[in-house]
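# any chance you could fold what I've pasted below:
(chains A, B and C)
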Amino acid sequence: MSLLAKRRADKRALVVGLTLFVFAALVWRDAAAQTLSATYGIGPAAMPYVVAGALAALGLGHIVVAFRDGLPVPEHADGIAIGWIAFGLVALLLCIAFGAGFILATTILFAVTSRAFGRRALLVDATIGFGLGVAIHLLFSKLLTLSLPAGPLEHLF
Amino acid sequence: MDSFVSLGQGFLVALEPSKLLFAAVGVLLGTAVGVLPGIGPALTVALLLPVTFKLDPTGSLIMFAGIYYGGMYGGSTTAILINAPGESASVATAIEGNKMAKAGRGGPALATSAIGSFVAGTIATIGLAFLAPWLVELAVNFGPWDYFALMVLAFVTVSATFGDSPLRGLTSLTIGLMLGLVGIDKLTGQARMAFGVPEFFDGIEVTTLAVGLFAVGEALYVASRFKSNPEEIVPIKGSLWMTREDWRRSWKPWLRGAAFGFPIGALPAGGAEVPTFLSYVTEKKLSKHPEEFGHGAIEGVAGPEAANNASAAGTLVPLLTLGLPTSATAAIMLAGFQQYGLNPGPLLFTENPALVWGLVASLFIANAMLLVLNLPLVGLWVRLLAIPQPWLYAGILVFAAMGTVAAKPSVVEVGMLFVFGFLGLLMRRWDYPVAPMVVGLILGPMAEAQLRRAMQMTLGDPMVFLENPGSATLLSLSAMALLAPFVMKGLSRFRAAED
Amino acid sequence: MSHLTKTIRGVAFAAMTLVASSAFAQQELKIIAPAGPGGGWDSAARSIQQVLTQTGLAKSVQVVNVTGAGGTVGLAQFVNQAKGDPSQLMVNGITMVGAILTNKSPVTLDQVTPIARLTGDPLVIVVPANSPIKSVKELADAVKADPAKVTWAGGSAGGADHILAALFAKAAGSDPSKVNYIAFSGGGEALAAMLGGRVTAGISGYGEFESQIKAGKLRALAISSGKRLANADVPTLKEQGLDVEVVNWRAIVAGPDITAEQKKSLTETVEKVVKSKEWAEILKQRGWEDFYLAGEPFSAFLKEEQVRVGDVLKSVGLVKS
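As a prediction, the model looks like this:
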C-alpha cells in the first residue's frame, strides 16, 4: 500500500488504459445503436458487446499496471526521422486525394524516407523514386491493365 | 489402382511440350505476382481469363494452377525479406522469417520455405490425387459448429505469439477483434463500426493491417533509432544455403505443416490462415529451441510455409470434386473452367478425365518447376538486403503503398495504412506484440459468423457444440491447450511441495 | 444495273457504318466495375470491353474496379465523376439495388442515366438429394407450417437469393420476417452446407449448382425466372403455382446529366454490342442468359425493381421503413 502511494503512476500505461476505455465505449455505443436483431440465434450486437467488455477489462488491467510496474521504458526516439516519413506518407495521401498521381507520390515518399535515414542527396533520391514510380506505373497499366491513381505525370506514359 | 493409371495418363498429357510451356508461364507469372504485395493470384487469374479463352482449355487451366501455386511461393518472399506479407496466409511466415533475414539468415529462411513448399505441395497433391473423394465427404460434413470449434482452437493457441506479457498480448488481440467488427455484418447486412464511411463497409483489409503494422511500423521504428542505435542488416551470415542443422530442424515442420494445411485447406471454409497459425504454434511448442522463437527460428518459417502451400492444394479438392470454390483464386479458376463449358464436380472426373488428371499431374510438375525457379533466386533476393538502408526502407514503403493502392485505390485505405503504421511504431516502442492483432482481425469475423450460423441452424441450442463429435473433440483439445500450462505448473508445485 | 446499285448501296452503307464506328473509335470509354476483379460485375464489364474493342466500336476501353459495399462505393464515385460525361459507363445489378437500401447510401440509382439491361441469370431453389421434400408445394407447406424450421442457405444478406427466399415465404402464405435465411459468403460455402445436409433448402444462380444437380446430389425444385431454361428441365415457380419471379439481372448505366443525343448514341453502341456475335459467344461461354432491354422500358423496369426490392427488404426487416 505504501509502495503504491510512493510510486508515481506510469503515464504511458494510463494512456493505454484510458484509450482502451474509449474504444470500449465506442464499440458499446455502436452495438447499442444496432437496429436489427437476428430472428433466430445470436444477433449482430452480441459480439461487439463481448469485445467492448474485453476492452474495458484490459483497460482496467492497464490502470492496475500503471500503479505497479508500468510499461517497459522505450529507448530514445528520433522525432525528426519519424517526422520525415510521416511527411512522406501524408504527401502520398494528398497526392491520391487531389489527383496528383502515384508517380509523384512515390517520388516524394522515396526521397523523404531516405532523408529520414540520414541521406542528404534529396535530388538523387527523388530521381530514384521517380524511376521506381514510373516502372511500377508501367507494370500496372501496361502489363496488368490495372489503374493506379493517375495524375498529370501518368498521362505522359 | 485406377487412380495410378489415370495419373500416369495425366502425366502423358502434362509432359507434352506445349503443356510444360503453359505450366512454366504460370509459375513464372505466379511467382512474380506473389512477390508484388496487393496483387494476389486471384487477381492475376481474373485478369488473364479474357486473354486465355481462345487457348486450349487444358493448357490454360494448367497455367492457372501454376499461377496459384506460384503465388503461394512468391508471397513468402516479401514476408521474409521486407516484412510485408502479400496475403494473409504469409502473416505467420513473416513473424520468424523477417527476423531471420535481418540476422543474415535470409538465405536459409527462403530456402526452407521453398523446399518446404515443394515437399508440402507434393504431399498435398498426392493427397489430392488419391484421397480427394473420401476427404471431400468428410469436408462437407463439417458443420458451422465444427468450424467454430476449430477457430476456438486457433484462438487458444494464438497465445504463443503474445511474448512476455499476457496483458499486452491480449490487448493486441482484442484490438484486432475490434477491427474485425468494422464493416457490414455478413448475416444481417447492416454496417457495424463504420461510422457512415462507405469504405469501411467491406471491413478492414487484412493485408492493409499487416503491411501497416509490420512493414510501415518497422520502417518507422528503425528510422526512429537509426541515429542512436543503428540496426545492422547482414545480408548473409554463415551459409547462404541451409546447413545440416537447418535441414534437421526443418523436415519435421514441413511434414507437420502439410498435415495441417491439406485437410484444413480442403474444408470449404477452412482457409489458409488457420493452418499456418496452428503450425506456427505447434512448432513453437515442439521445438528444442523455443527461446529462438521471436528472434528467427527456422521451424517457424518451415512449418507455416509448408502449411500454406498444402492448403492451396487442399483447396483444389472441393473445387475439382464438387465444383466448390473455397478461396478467391479457386472461385476464379471455377470461372475459368466454366468459360470452356466445363463444370467441375462429380461428373468432371468421368466426363473429362484427361483434363482432370492432366491438371493434377501438372501440379506436380509446377511444384518441381517452382523449386528449380526459386532456389537460384534465393541468392538474388538476399542481395536485396545489401541495398543501403535508406534506400531499402524507402523502397519498402513505396512497395507497401503500391500494394495498398493497387488493392483499393482510395484515400481511406492509404489513411488506414498510415494509422496502422504509427500504431505499429508505438506498439514496438512500448513492447506490444503486433502479430496477435492481425490474428484477431482474421479469426474474429470467421469465428463470429460460424457461431451465429450454428445458432441459427439449431434455433439457439448451444448443446450442438458438445453433441457433434467433431466440435466436441476440437473444443476439448482447446480446453486442454488452455489448461495444460496451469495444470503443469500446479503439478510441479505439488511435487516441489512433496519434496 | 440493279446489281450495280446494290453494290453502290452496299459500299455507301459500309462507308457510313465505318464513319459511324470510327466516330466512336475516336472515343475512349471507361467502364466502372463497382466490385473487385473476378466477380460478376467485373466479368460483365470486361466482356463489354472485349466486344467493344474487338468490333472496333471504341478505340480503347478501360475497366476500372471500384470495390466496396455492394457497389455503393462505386456508385457514389460514379455519380460524382461521370456527371455529364458521355465516355463513362458503369455496370450494376439487382444486388446494388438492395445494397443502396441496406447501406442507406446517400446516392441512388435515380441519379444515373439508365442505358440497358444486359443479362439476367435465373436462381434455382434446391434441396439435398436425400431430403424428404420433393416439390415446391411441399417446401411451401413446410415454410407455412413453421418458417423457423426451414433453413435457407444462400448468398449475402439482402442480395437476390435472400429476396427470393422472402418472396417465396410470402407467396407460400408465411411471414417473410420469420424466414430463417442463413447468409454465406459466396456460393461455395452455401453449396457445402447443402451437400452436408445442414440446411433445408438452398438458393443460388443456376450455373453454380448445375453440376451438382446433374450429378444427382441436389434436387432442383424450381427456377425463379419467367420461363424455363433452354438446357435444363427445371420447372419455374410460376408453373408450380407460386407467383414469384426474381432474376439476377445485370445492367449498364451512364452518368447523370448527359444530353439526350449522348444517351442515344451510348444506347446504340450498347445495342451493337449486344447484337454482335462476339457477345453471343460470351453469353454462351459464361452461361449468362440474355435479358436485353433498353430505353424507356428499362428505365421503367429499374424504377419498379427499386420499389419491389425495397418492399421485400422491409418485409424481412433488413430495412426499416
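# for the stretch 301-450 of chain B, which residue gets nearest to chain C?
Closest residue of the stretch 301-450 of chain B to chain C, Cβ to the nearest Cβ: B:Gly345 (3.2 Å). C-betas here are computed from N, CA, C, even on glycine.
# can you report how many residues lie near C:Phe301?
16 (other Cβ atoms under 10 Å in any protein chain shown).
# now the helices for the chain?
Using chain A here. Here chain A has its helices, by DSSP state H, at A:2-6, A:11-32, A:46-67, A:79-97, A:102-116, A:122-138.
# switch to chain C, that's the one I care about
C:2-25, C:40-54, C:72-81, C:94-102, C:136-145, C:160-171, C:186-195, C:206-214, C:260-275, C:277-286, C:295-316.
# gap between the spatially closest residue to the residue of the stretch 301-450 of chain B closest to chain C that is not a sequence neighbour and chain A?
Spatial nearest neighbour of B:Gly345, excluding adjacent residues (Cβ to Cβ, 6 or more residues apart in numbering or on different chains): C:Ser211 at 3.2 Å. When Cβ to the nearest Cβ, to the nearest Å is applied, the distance between C:Ser211 and chain A equals 31 Å.
# ok, now how distant is C:Ser211 from B:Phe142?
21 Å (Cβ to Cβ, to the nearest Å).
# same question for B:Leu451.
15 Å.
# can you check B:Phe465 too?
For B:Phe465, the distance to B:Phe142 - Cβ to Cβ - is 13 Å.
# swap in C:Ala157?
Relative to B:Phe142, and taking Cβ to Cβ, C:Ala157 is found at 23 Å.
# and B:Pro304, what helix or strand is that in?
helix B:299-322 (DSSP states H and E).
# ok, B:Arg248 next?
helix B:244-266.
# could you give me the buried positions within that helix?
Within helix B:244-266, the residues that count as buried by 16 or more other Cβ atoms under 10 Å in any protein chain shown are B:246-247, B:249-251, B:253-266.
# same deal with stretch C:52-65?
For stretch C:52-65, using 16+ other Cβ under 10 Å, the buried residues are C:52-53, C:55, C:57-58, C:61-65.
# touching chain A at all, that stretch?
Yes: applying Cβ under 8 Å from any Cβ of the partner chain, one finds stretch C:52-65 touching chain A at C:62-65.
# quick one: distance of that stretch to the chain centre.
Its chain's C-alpha centre and that of stretch C:52-65 lie 21 Å apart, by Cα atoms, centre = their mean, to the nearest Å.
# poorly predicted segments of chain A, please.
A:1-7, A:144-147 (pLDDT under 70).
# and the residue nearest to B:Ala386 when sequence neighbours are not counted, which helix or strand is it part of?
The shortest distance from B:Ala386 to any residue that is not its chain neighbour, by Cβ to Cβ, 6+ apart, is 4.4 Å, and that residue is B:Pro235. Using DSSP H and E, B:Pro235 maps to neither a helix nor a strand.
# first vs last residue of stretch B:131-149, how far apart are they?
Start-to-end span of stretch B:131-149 (Cα to Cα, to the nearest Å) is 24 Å.
# what's the end-to-end length of stretch B:461-475?
OK, stretch B:461-475 end separation, Cα to Cα: 16 Å.
# do it and chain C meet at all?
No: for stretch B:461-475 and chain C, the contact criterion (Cβ under 8 Å from any Cβ) is not met; the two come no nearer than 10.9 Å.
# residues in contact with that stretch?
With Cβ atoms under 8 Å, 6 or more residues apart in numbering or on different chains as the test, stretch B:461-475 has contacts from B:142-143, B:145-146, B:148-150, B:152-153, B:454-455, B:457-458.
# which of the residues you listed are buried? Put it as a ChimeraX command.
Command for ChimeraX that selects the buried part of these, burial taken from 16+ other Cβ under 10 Å:
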select /B:142,143,145,146,148,149,150,152,153,454,455,457,458
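# could I get the contacts of stretch B:461-475 as CSV with pLDDT, secondary structure and distance to chain C?
Converted to CSV, the contacts of stretch B:461-475 look like this (pLDDT from 0 to 100; DSSP: H, G, I helix; E, B strand; the rest coil; distance: Cβ to the nearest Cβ, whole Å):
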residue, pLDDT, secondary structure, distance to chain C
B:Phe142, 82, coil, 7
B:Gly143, 84, coil, 5
B:Trp145, 89, helix, 10
B:Asp146, 88, helix, 10
B:Phe148, 90, helix, 13
B:Ala149, 90, helix, 15
B:Leu150, 87, helix, 14
B:Val152, 89, helix, 19
B:Leu153, 86, helix, 20
B:Ala454, 90, helix, 9
B:Met455, 90, helix, 10
B:Met457, 87, helix, 6
B:Thr458, 86, coil, 10
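# follow-up on the earlier one: now check the helix holding B:Pro304, is it near chain C?
Yes: Helix B:299-322 lies within reach of chain C by Cβ under 8 Å from any Cβ, at B:318, B:322.
# now that helix against helix C:206-214, angle please.
70 degrees (axes from the mean of the first three to the mean of the last three Cα atoms, to 10 degrees).
# tilt between helix B:299-322 and helix B:244-266?
Using the same axes, to 10 degrees: helix B:299-322 against helix B:244-266 is 30 degrees.
# which SSE is immediately downstream of helix B:299-322?
Past helix B:299-322, the next helix or strand by DSSP H and E is helix B:328-339.
# now the angle between helix B:299-322 and that next one, please.
30 degrees.
# show me what helix B:328-339 is packed against.
Judged by 3 or more Cβ pairs under 8 Å, 6 or more residues apart in numbering or on different chains; DSSP states H and E, helix B:328-339 is in contact with helix B:41-52, helix B:57-82, helix B:299-322, helix C:186-195, helix C:277-286.
# out of those helices, which is closest to chain A?
helix B:41-52 (6.0 Å).
# out of the helices and strands packed on helix B:328-339, which one sits most buried?
Highest mean neighbour count among the helices and strands packed on helix B:328-339 (mean count of other Cβ atoms under 10 Å in any protein chain shown): helix B:299-322, with a mean of 32.
# angle of that one against helix B:57-82?
Using the same axes, to 10 degrees, helix B:299-322 lies at 160 degrees relative to helix B:57-82.
# give me the angle between helix B:299-322 and helix C:186-195.
70 degrees.
# quick one: mean pLDDT for helix B:299-322?
In this model, helix B:299-322 has a mean pLDDT of 87.
# just the CA trace of that helix, in CSV.
Extracted C-alpha coordinates of helix B:299-322, given in CSV (Å, rounded to 0.1, in the frame of the first residue of the first chain):
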residue,chain,number,x,y,z
GLU,B,299,10.9,-24.0,-37.6
GLY,B,300,8.6,-21.0,-37.5
VAL,B,301,9.2,-20.5,-41.2
ALA,B,302,9.3,-24.1,-42.4
GLY,B,303,6.0,-25.1,-40.8
PRO,B,304,3.7,-22.2,-41.8
GLU,B,305,5.1,-22.1,-45.3
ALA,B,306,4.5,-25.8,-45.8
ALA,B,307,1.1,-25.4,-44.3
ASN,B,308,0.0,-22.6,-46.7
ASN,B,309,1.2,-24.4,-49.8
ALA,B,310,-0.5,-27.6,-48.7
SER,B,311,-3.7,-25.7,-48.1
ALA,B,312,-3.5,-24.4,-51.6
ALA,B,313,-3.6,-28.0,-52.9
GLY,B,314,-6.3,-28.7,-50.4
THR,B,315,-8.5,-26.0,-51.8
LEU,B,316,-8.4,-27.9,-55.1
VAL,B,317,-10.1,-30.9,-53.5
PRO,B,318,-13.6,-29.4,-53.2
LEU,B,319,-13.0,-27.4,-56.4
LEU,B,320,-12.4,-30.4,-58.6
THR,B,321,-14.6,-32.9,-56.9
LEU,B,322,-17.6,-30.7,-56.0
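# with that, I have no additional questions.
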